[in-house]
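K.L.:
sequence first, predicted coordinates after that:
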Amino acid sequence: MFNLRTLQKNKTVKYGVPMLLLVVGGSFGLREFTQIRYDAQRIKKKLDPALEAKVNIQRQPNILEEEYEKLKEVNLDEWKNIRGPRPWENSRDYQDQQRSRKNKQD
């Protein structure tokens, strides 16, 4: 029926099958390489047990009332909004200018 010469002339077999193998094989290959990346990140993230205990203590959520008490102590009436420098402005000059304005107002 079919001989080897007719299969070699067929464009689907000549171009389509290798392309399909490249796409499917590349998908599996990329999965393996990305898995190596995530495994390496997981190993780097492991902390010393003493340090991990300190980090876990700090992650405990604060009680709402405690945060409210902290905010009650802050004096918000004397707060002033100061804008940061624009990208085209020199930040050092702008900071010095803001400090001098603040000192003049005090």
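P.N.:
Now that the structure is in, tell me what you want to look at. Numbering: from 1, shown residues only.

K.L.:
so in this structure, where's the weakest helix or strand by average pLDDT?
P.N.:
helix 49-58 (a mean of 69; mean pLDDT, DSSP states H and E).

K.L.:
contacts only, for residue 13.
P.N.:
Residues in contact with residue 13 (Cβ atoms under 8 Å, 6 or more residues apart in numbering) are residue 7. C-beta: built from backbone N, CA, C; applies to glycine.

K.L.:
can you map out the helices along the chain?
P.N.:
Per DSSP state H, the chain carries helices over the ranges 4-9, 11, 17-45, 49-58, 64-73, 91-105.

K.L.:
same question for the second one, mean pLDDT?
P.N.:
Rounded to a whole number, the mean pLDDT of helix 11 is 85.

K.L.:
same deal with the last one?
P.N.:
Taken as a whole, helix 91-105 has a mean pLDDT of 77.

K.L.:
can you check the fifth one too?
P.N.:
Per-residue pLDDT values over helix 64-73 give a mean of 84.

K.L.:
just the CA trace of it, in CSV.
P.N.:
What follows is helix 64-73, C-alpha atoms only, in CSV (Å, rounded to 0.1, in the frame of the first residue of the first chain):
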residue,chain,number,x,y,z
LEU,A,64,-7.7,45.6,66.9
GLU,A,65,-8.0,47.4,70.2
GLU,A,66,-4.1,47.5,70.5
GLU,A,67,-3.9,49.2,67.1
TYR,A,68,-6.6,51.6,68.1
GLU,A,69,-4.7,52.6,71.2
LYS,A,70,-1.5,53.2,69.2
LEU,A,71,-3.5,55.5,66.8
LYS,A,72,-5.0,57.4,69.7
GLU,A,73,-1.5,58.4,70.8
